[in-house]
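Trainee: Here you go, sequence then predicted model.
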Number of protein chains: 2
Amino acid sequence: MKEEIRIGRNALEQFVAGVFSNLGLSSEEAADSAEILVAADARGIPSHGVARLWRYENGIRKGIMASSVIPSILRETPISLVLDANGAMGMYLSKQTMTKVIEKAKGSGAAFASIRNSNHYGIAGYYAEMAAKHDMIGICMTNTAALGVPTFGRMSMFGTNPIAFSIPGHSGKLFTLDMSTTAVTRGKIEVYEREQRELPQGWAVDTKGQVTGNAGQLLQDMLYQRGGGLIPLGGAGELFGGHKGYGLAVMVDIMTAITSGGVFGKSVMDSEATSARVCHFFGAIRLDVFRDPEELKTDMDRLLEELNNTEPAQGCERVYYAGQKEHEAERNSNLNGVPLSLKVFEQLSAIGKRAGVEFPQPLL
Amino acid sequence: MKEEIRIGRNALEQFVAGVFSNLGLSSEEAADSAEILVAADARGIPSHGVARLWRYENGIRKGIMASSVIPSILRETPISLVLDANGAMGMYLSKQTMTKVIEKAKGSGAAFASIRNSNHYGIAGYYAEMAAKHDMIGICMTNTAALGVPTFGRMSMFGTNPIAFSIPGHSGKLFTLDMSTTAVTRGKIEVYEREQRELPQGWAVDTKGQVTGNAGQLLQDMLYQRGGGLIPLGGAGELFGGHKGYGLAVMVDIMTAITSGGVFGKSVMDSEATSARVCHFFGAIRLDVFRDPEELKTDMDRLLEELNNTEPAQGCERVYYAGQKEHEAERNSNLNGVPLSLKVFEQLSAIGKRAGVEFPQPLL
């Protein structure tokens, strides 16, 4: 039996949009949310894709994520916008907001926005790339539910807090860094738990702050907030630079939550009554405030080519640049369909039945 | 015999400024360069402090770092400035440039600058903090001579490329992240080589791209560009996120060199005829484009307090936030003098003799 199926990208987007519509979202909200979720699967990041559809289903049914909510403008200047999402759909509002940031940057050269009280917004890189496609440097960050443990600590005090950065070369080429600031995210721990494997020494600490290999115990301790959690990028302690990943994670909390007056640190968590109320940050800087964009992109191409052409380590095939694997996966998905695991396929079929939307035929 | 001495901060600054003056720098260039070098030692970052004075002495005597050079303005907008340093003194020009960025940001809310063809500029955090002291978010980056090896590679293709980020709380408190994007810098490798110690598995790879513990061989291979070099933050391969540190290092090359049309990647290196011609990036965003700065700083204080008050891991004493150790060291240096190793003390005394400037009396 095959482990995965492939669904045509448009068909999958229409299915997800149909589910969102039937749950009560407006057609724009449904379409944007579907597009952004499917983009994650298309790029080979299934942790942030349609496998999360049930969470939105839950959130919308419970009323903790809401359709057609009007966000409040907390502050606006020619170069900035600060919003309270009031629990609006994260993906739709984020796309709208990055669109406004790009418009503002067209006028002023650079612009920034932060949003508080939002909810999960998919992959950060999607929004950064929106700006890059307008000949801008695109930046995007979000805080997330607290799972990361500071250097020398034992309690989770920040999220996996991703940073995305995108800039174009010629011919649609993009350098897109989209990285969590912990060594790994919870999804990886869950995979190891399912496979009953020992965690690599450097992913997580236990309730005493000691490096642990026990995925099952860790997930329990994290769930009941007994302590323990994910290690920042760079590892435990300072020997390999873990304090740097810790610093980056806190920087993300600052840019997203401190700039918007939202929830930060250990207080970011899901509850029965609200979503985690996460905060986002968006930035765009026009390339031409620095140089002629065409010359700049020629240099970008040269940089990326040099990285691709450098000699690989013994036993390795290629050296990639950031975003390259994801873009190659996306081209493949566009041609051959978006890959879904059988488990996700079953989950989506069930959601489709509940929402009265038929799941599309797999390709092949 | 004591391993280190302490010199009064003002006396040490005056000595270094005196040396720079006698080498031909203007009095402003000499004073700023001295202040920034000594700031590194005062904060407990001796690798970027007065131990480098001999390099400047060399560079100035050879004419590859020059006094009173006029940088060329390549592009200027209300929110941006791009300069060719033409080999000017990196620290002086960088302080001037961050001052201009802050002035521009006062008018427009945010501003950015990049500089090409510069030379070593001390600690990145110094410039980021200049903006933070004006109620702005301060950002600073620089590329450096190529020593870092990409994920799955074996040749050095980027520098230790630091990123600095600073934002104020109340009462002069600052969160200042100032981090190289490789796991460690070359200085650490040199210390292990002197002490004949095996490197931790995760700092460096050899000419085949395999993790190595042999500091002496590595330094030789790096010197003669045979391959091998420093591993990005996050370690070798992708298991612990090394591709993220690699991505951050390239992002720094982009923000510094691609935006300014300068030298990037493997081409950044010292030669007999020129300095490494490194490129810098400076950014400042006013806090009040987001929120009332006083309210924002109150939240910053709360965030930093929560991090300080979180329970430490078993066997650890405290949890710090980024910059806290350095600021504590600086307060101590201001009271008790700036610490210098005996080796650096002897080096400085010799430089003083050559330049005709007397080295100050150590304290105690």
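Mentor: Ah, there it is.
Trainee: And the biggest helix by length in chain A, what's buried?
Mentor: Ranked by residue count and defined by DSSP state H, the top helix of chain A is helix A:90-108. Residues of helix A:90-108 classed as buried by neighbour count (16 or more other CB atoms under 10 Å in any protein chain shown): A:90-98, A:100-102, A:104-105, A:108. All C-beta spots, glycine's among them, are computed from the backbone N, C-alpha and C.
Trainee: Counting by contacts, list what it packs against.
Mentor: helix A:27-42, strand A:80-84, strand A:110-118, helix A:124-132, strand A:136-142, strand A:278-286 (3 or more CB pairs under 8 Å, 6 or more residues apart in numbering or on different chains; DSSP states H and E).
Trainee: Just give me how far it sits from the chain centre.
Mentor: Relative to the chain's own centre, helix A:90-108 is displaced by 17 Å; criterion: CA atoms, centre = their mean, to the nearest Å.
Trainee: just stretch A:67-80 next, same as before
Mentor: Relative to the centre of its chain, stretch A:67-80 is centred 22 Å away, using CA atoms, centre = their mean.
Trainee: same check, this time on stretch A:259-277
Mentor: 17 Å.
Trainee: C-alpha coordinates for stretch A:170-178, CSV please?
Mentor: Written as CSV, here are the backbone C-alpha positions of stretch A:170-178 (Å, rounded to 0.1, in the frame of the first residue of the first chain):
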residue,chain,number,x,y,z
HIS,A,170,16.0,37.0,-11.5
SER,A,171,13.3,34.8,-13.2
GLY,A,172,11.2,34.3,-10.1
LYS,A,173,14.0,32.8,-8.1
LEU,A,174,13.7,33.5,-4.4
PHE,A,175,16.0,33.1,-1.4
THR,A,176,13.5,32.3,1.4
LEU,A,177,14.7,31.5,4.9
ASP,A,178,11.8,30.2,7.0
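Trainee: got the contact list for it?
Mentor: Residues outside stretch A:170-178 that contact it (CB atoms under 8 Å, 6 or more residues apart in numbering or on different chains): A:123-125, A:128-129, A:132-133, A:162-169, A:294, A:297-298, A:300-301, A:303-304, A:321-323, A:326-327, B:244, B:247-248, B:250-251, B:254.
Trainee: What subset of these is buried?
Mentor: For the contacts of stretch A:170-178, buried by 16+ other CB under 10 Å: A:123-125, A:128-129, A:132, A:162-169, A:297, A:300, A:303-304, A:321-323, A:326-327, B:244, B:247-248, B:250-251, B:254.
Trainee: which residues does A:V250 contact?
Mentor: So A:V250 contacts A:F158, B:F175, B:L177, B:L303, B:L307, B:Y321, B:A322 (CB under 8 Å, 6+ apart).
Trainee: Give me the below-cutoff pLDDT ranges for the stretch 201-350 of chain A.
Mentor: Applying pLDDT under 70 to the stretch 201-350 of chain A flags no residue at all.
Trainee: Now do the strands for it: every range, in order, please.
Mentor: Along the stretch 201-350 of chain A, the stretches classed as strands by DSSP state E, counting those that start in this stretch are A:204-205, A:229-230, A:278-286, A:338-341.
Trainee: hang on, A:E29 packs against A:V69?
Mentor: No - counting by CB atoms under 8 Å, A:E29 sits too far from A:V69 to count as a contact (9.6 Å).
Trainee: Can you pick out the residue with more neighbours from these two?
Mentor: Each of A:E29 and A:V69 has its neighbours counted (other CB atoms under 10 Å in any protein chain shown); A:E29 has more, 25 against 16.
Trainee: Would you pull up the residue in the stretch 151-300 of chain A closest to chain B?
Mentor: Residue nearest to chain B within the stretch 151-300 of chain A: A:G209 (2.3 Å; CB to the nearest CB).
Trainee: do the same with the stretch 251-364 of chain A
Mentor: A:A313 (2.3 Å).
Trainee: and stretch A:86-102, how far from the chain's centre?
Mentor: That offset, for stretch A:86-102, works out to 14 Å (CA atoms, centre = their mean).
Trainee: Format the CA atom coordinates belonging to that stretch as CSV.
Mentor: The C-alpha trace of stretch A:86-102 is given here as CSV (Å, rounded to 0.1, in the frame of the first residue of the first chain):
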residue,chain,number,x,y,z
ASN,A,86,-9.9,40.3,17.7
GLY,A,87,-9.6,36.6,17.0
ALA,A,88,-10.0,36.9,13.2
MET,A,89,-8.8,34.1,10.9
GLY,A,90,-5.0,34.4,11.0
MET,A,91,-4.3,33.5,7.4
TYR,A,92,-6.8,35.8,5.8
LEU,A,93,-5.9,38.7,8.0
SER,A,94,-2.2,38.1,7.5
LYS,A,95,-2.4,38.1,3.8
GLN,A,96,-4.5,41.3,3.9
THR,A,97,-2.0,42.9,6.2
MET,A,98,1.1,42.0,4.2
THR,A,99,-0.8,43.4,1.1
LYS,A,100,-1.2,46.7,3.0
VAL,A,101,2.5,46.7,4.1
ILE,A,102,3.5,46.2,0.5
